[in-house]
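Undergrad: only geometry, no sequence info:
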């Protein structure tokens, strides 16, 4: 029996969502610190969270010309902080990269592609503790599909997609998948 799939976000939809998220992050950071992109760090969660963080940083840099995207960007590997290592030990460990200014007293925005149970974000929060003490931690996701198992909520969401537990959300980005789309299977 074949798996049925339908596209719920097109390439243009993803671009609009990323642009909106970037501007919402800037607005929230301005309200919190009166500083636009100053003291802001975007940490992508591999793999697609890193790619989305890069896209968000580029939009922020266009809106704030004195900001370089690479100064905002980092990646946070959460592999060793996951609570499912015993049942899924084959996850590859990737490099964590924290911007040179660190995360102490910064507003850190964790970026991921899909928010589901909340366990990935719990692992990210644990990992973040090893690198410093941010002023605040926010969460940006392209898709929030519900079904939380932990009290975690995204601050910036591209699209809320109510799903059943049996459905799968497949985020495809040009950099890894040859197309931009969010497909529900």
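TA: Happy to help now that I have it. Just so it is clear, the structure is predicted and the values come from calculations on it, not from any experiment.
Undergrad: Which secondary structure element is home to residue 133?
TA: If you go by DSSP states H and E, residue 133 is not part of any helix or strand.
Undergrad: Distance of it relative to residue 121?
TA: 18 Å (Cβ to Cβ, to the nearest Å). Any C-beta I mention is one placed from the backbone N, CA and C, and that applies to glycine too.
Undergrad: ok, how many other residues are close to residue 92?
TA: Close neighbours of residue 92, defined as other Cβ atoms under 10 Å, add up to 8.
Undergrad: Would you report the backbone torsion angles of the spatially most central residue of the chain?
TA: In the chain, the C-alpha nearest the mean C-alpha coordinate belongs to residue 111, at 1.6 Å (Cα atoms, centre = their mean). Backbone torsions for residue 111, taken as degrees, to the nearest 10, come to phi -120, psi 130.
Undergrad: One more: residue 97?
TA: Taking degrees, to the nearest 10, you get phi -130, psi 120 for the backbone angles of residue 97.
Undergrad: what's the closest residue to residue 182 other than its chain neighbours in contact with, if anything?
TA: Using Cβ to Cβ, 6 or more residues apart in numbering and skipping the chain neighbours, the partner closest in space to residue 182 is residue 9 (3.7 Å). Applying Cβ atoms under 8 Å, 6 or more residues apart in numbering to residue 9 gives the contacts 17, 142-143, 158-159, 181-182.
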